[in-house]
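Peer 1: what's the 3D shape of this:
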Amino acid sequence: SVISRMKNKLQEMPPKKVINAMCKEVGGALNIQCSGDEPRNRSQLYNLNRTVEGKSGRKGAHKVTDFNNIMKMSTQGTFVHDFELKGGNPHCFLANQQQLRDVKNFCGSATKCCILGFDPTFTLGQFYVTFTTFRCPVFVNKATGQHPLVPGPGMIHTSRETPDYEYFARKIRQHSGMKRIKAWSTDGEAPLAEGLRTKPAFQMPSIHLRCEGHLLENTKKKLTSLGVKSVNRSTILQSIYGTEKESEGGRIRFEGLVDCLSEEDFDATLAVLESEWNSLEIEDTGEGSAKFSAWFKKYQSQVLKNDCLASVRTAAGLGNPPKRFWNNNNEAWNSVFKRDIDWEEQTWDSLAEKFQGSVDGTYAQLQQAVYGSGDFRLAEEYSHLHIPSEQWMGMDKEQRSRHLERVFCAKEVADMTPKEPRQPSPSDI
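Peer 2: Modelled structure (predicted):
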């Protein structure tokens with residue numbers, strides 16, 4: 001039974017891997033014969049996982065790095081692209097065609113709010129990996145109502161310098177065919193932003209967003225190092241980044257410098273705050289002069305004006321008034337991927353294989369939404385592309401393939417919506 005298969009697999013792998021493995025076993029959305037052949041959703045597996053005993057531990061054997069393997073994968077050109085080994089500083093670009101098409105259609109769209117996030121990570125092997133993520137507007141998580149987090153292109157590299165990220169920007173533009181990113185984000189790593197900005201796709205009017213959380217932490221550390229105590233430190237931080245508090249009517253936003261609508265407004269507000277900050281700092285440190293405001297104006301103010309103001313976030317599609325921006329999506333994906341590979345050190349080729357498997361698994365789960373299975377559903381504006389499960393099971397592989405192509409080529413709703421909305425049938429797919 002499907003329950004027995006799930007229990008057996010849960011002894012060897014976590015629930016997310018089980019979903020991907022079982023989707024692959026039944027042939028995915030193209031080949032599944034009965035909706036009962038796959039898990040209903042991830043919750044079913046998590047609940048079942050609590051009852052499973054005798055789970056095996058991590059497997060500890062490490063592979064030996066072999067550039068011949070990654071070079072061979074690169075010549076196939078389906079997921080590993082453009083392995084370069086120049087001056088002992090290798091790179092390779094990782095993406096499938098669907099990821100590239102989605103980045104172009106959604107992150108390059110003037111109307112969609114799909115921010116392409118970048119975040120380098122390590123501890124995966126004797127190299128760095130920079131993953132990208134975005135939220136796909138075609139689907140919605142049934143439980144949370146949020147668009148699902150989808151991995152975009154990735155890069156394996158051995159240093160974190162501007163030329164490394166220049167390579168990444170060049171390959172994203174080359175392989176996706178995208179002219180310009182609407183909005184992209186980083187956590188503040190200078191070579192990353194500088195490298196991306198060397199290419200037209202990431203230059204103005206493309207919008208760069210900085211993670212507010214990282215900036216807040218940097219500011220907090222500086223205040224602490226200067227001797228500003230907790231109460232006054234919180235007051236200063238709230239005057240910069242604002243704060244939210246619960247009330248009977250919901251959460252209320254108390255604005256800070258980052259909520260200014262223009263650079264002129266920012267400068268005028270900062271001039272007023274500066275004397276208050278100086279007084280609070282001197283009160284705690286007992287020094288004759290304050291140092292924080294000068295540090296802030298030198299290292300933080302221009303960053304906030306360029307990458308964090310309310311006007312910038314609104315232009316990036318985060319609403320009006322805009323939502324605060326944190327780089328949590330990338331950090332969440334990095335954590336999920338490390339968990340998927342059991343935190344084991346990888347080689348270049350094994351990392352590429354694992355990342356490809358994770359990407360394929362993500363899209364397999366999104367395909368399930370087309371016929372109502374799994375954790376996701378089609379977003380309201382794409383709901384006319386839903387096919388009932390019973391009808392899907394009666395369609396042949398070619399009909400399913402053509403319909404999935406319609407769904408996953410979705411660019412703008414106006415391009416796809418029928419003049420008279422109706423349920424699609426196998427005869428006209």
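Peer 1: alpha carbons of the host helix or strand of His214, as CSV, please.
Peer 2: His214 belongs to helix 212-226 when elements are defined using DSSP states H and E. Listed next in CSV are the C-alpha coordinates belonging to helix 212-226 (Å, rounded to 0.1, in the frame of the first residue of the first chain):
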residue,chain,number,x,y,z
GLU,A,212,16.5,45.0,6.6
GLY,A,213,17.3,42.4,9.2
HIS,A,214,21.0,42.3,8.4
LEU,A,215,21.2,46.1,8.5
LEU,A,216,19.4,46.2,11.8
GLU,A,217,21.8,43.7,13.3
ASN,A,218,24.8,45.7,12.1
THR,A,219,23.4,48.8,13.6
LYS,A,220,22.6,47.1,16.9
LYS,A,221,26.2,45.7,17.1
LYS,A,222,27.6,49.2,16.6
LEU,A,223,25.5,50.7,19.3
THR,A,224,26.4,47.9,21.7
SER,A,225,30.1,48.3,20.9
LEU,A,226,29.8,52.0,21.7
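Peer 1: who's in contact with it?
Peer 2: 187-188, 233, 236-237, 240-241, 258, 281, 285, 291-292, 295-296, 300, 303-304, 308, 324-328 (CB atoms under 8 Å, 6 or more residues apart in numbering). In short, each C-beta sits where N, CA and C put it, glycine included.
Peer 1: repeat that for stretch 263-275.
Peer 2: Contact partners of stretch 263-275, identified using CB under 8 Å, 6+ apart, comprise Ser239, Leu257, Cys260, Ser293, Lys297, Ser301, Leu304, Lys305, Leu309.
Peer 1: from the residues you listed, which two are the most distant?
Peer 2: Ser293 and Leu309 (19.1 Å; CB to CB).
Peer 1: where in the stretch 301-429 of the chain is pLDDT low?
Peer 2: Applying pLDDT under 70 to the stretch 301-429 of the chain flags residues 410-429.
Peer 1: please repeat the previous calculation with a cut-off of 50.
Peer 2: The stretch 301-429 of the chain contains residues with pLDDT under 50 at 412-429.
Peer 1: in it, which spans are helices?
Peer 2: 301-307, 310-315, 328-340, 348-369, 389-394, 397-408, 413-416 (DSSP state H, counting those that start in this stretch).
Peer 1: of all those helices, which one comes closest to Thr111?
Peer 2: Nearest to Thr111, of the helices of the stretch 301-429 of the chain and by CB to CB, is helix 413-416 at 9.4 Å.
Peer 1: how about the strands of this structure, start to end?
Peer 2: With strands called from DSSP state E, the chain shows them at 80-86, 89-94, 116-121, 128-135, 139-141, 149-157, 183-186, 207-210, 243-247, 250-254, 376-378.
Peer 1: who's in contact with Ile156?
Peer 2: Pro90, His91, Cys92, Leu94, Phe127, Tyr128, Val129, Trp348, Leu351, Ala352.
Peer 1: now these in TSV, with neighbour count?
Peer 2: Formatted as TSV, the contacts of Ile156 follow (neighbours: other CB atoms under 10 Å):
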residue	neighbour count
Pro90	18
His91	21
Cys92	26
Leu94	26
Phe127	19
Tyr128	17
Val129	23
Trp348	25
Leu351	23
Ala352	23
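Peer 1: out of the residues you listed, what pair is the most spread apart?
Peer 2: Tyr128 and Ala352 (14.0 Å).
Peer 1: pop out the phi and psi values for Asn96.
Peer 2: Dihedral pair for Asn96: phi -100, psi 180, per degrees, to the nearest 10.
Peer 1: grab the nearest non-local neighbour of it.
Peer 2: Counting by CB to CB, 6 or more residues apart in numbering, Asn96 lies nearest to Phe79, which is 5.4 Å off, once chain neighbours are set aside.
Peer 1: then Cys113?
Peer 2: Gly317 (3.0 Å).
Peer 1: I'd guessed the one you found sits against Ala110; true?
Peer 2: No - using CB atoms under 8 Å, Gly317 is not in contact with Ala110; the gap is 9.5 Å.
Peer 1: near the residue nearest to Asn96, how many other residues are there?
Peer 2: Phe79 has 20 neighbours, counted by other CB atoms under 10 Å.
Peer 1: just the pLDDT for it.
Peer 2: Looking at Phe79, its pLDDT stands at 96.
Peer 1: the closest residue to Leu304 other than its chain neighbours: what's it in contact with?
Peer 2: Once flanking residues are discounted, Leu304 sits nearest to Val258: 5.8 Å by CB to CB, 6+ apart. Residues near Val258 by CB under 8 Å, 6+ apart: Glu212, Ile240, Tyr241, Gly242, Leu304, Cys308, Leu309, Ala310, Arg324.
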